[in-house]
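> heads up, no residue letters with this:
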């Protein structure tokens, strides 16, 4: 089991926010990307952050967007579409979306 699985989403979320804001994007855009991927509304996302939900619990509760399989590319030196572990693939989907948002990709293209 990878260490990220038991890491609290609330511990990583501020890093995502800082990353996108450094690049001129907003927390609202980040939240839009996360809700697109997970199916959470703002209240559910806030609850997961406040409850200290682990990434495993976070994605167990999520209804992954059916278009998530269109997310491709390299994150941490690995092609997202080639990751075997389903949970790790979901986490890397999120990482890839955050990266694309931070790089200035149009929100419509990030959301496929």
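Received, thanks. All values derive from a computational prediction rather than experimental measurement.

> Low-confidence ranges, this structure, go.
1 (pLDDT under 70).

> Find the residue at the geometric middle of it.
residue 94 (2.4 Å; CA atoms, centre = their mean).

> What does the residue lying closest to that residue once chain neighbours are set aside show for phi and psi?
Using CB to CB, 6 or more residues apart in numbering and skipping the chain neighbours, the partner closest in space to residue 94 is residue 37 (6.0 Å). Placement of C-beta: from N, CA and C, glycine included. Torsion angles at residue 37 (phi, psi; degrees, to the nearest 10) stand at phi -70, psi -40.

> The residue nearest to the centre of the chain should be in a helix, yeah?
Yes. Secondary structure assignment places residue 94 in a helix (DSSP: H, G, I helix; E, B strand; the rest coil).

> which residues touch the residue nearest to residue 6 when sequence neighbours are not counted?
Among residues not flanking residue 6 along the chain, residue 54 sits closest, at 5.2 Å (CB to CB, 6+ apart). By CB atoms under 8 Å, 6 or more residues apart in numbering, residue 54 lies in contact with 5, 6, 7, 8, 9.

> Residues contacting stretch 3-10, please?
With CB under 8 Å, 6+ apart as the criterion, stretch 3-10 contacts 48-56, 58, 87-88, 91.

> mind listing what's buried in that stretch?
Counting neighbours by 16 or more other CB atoms under 10 Å, one finds that the buried residues in stretch 3-10 are 8, 9.

> And the strands in the chain?
Remark: strands assigned in the chain by DSSP state E are 74-75, 78-79.
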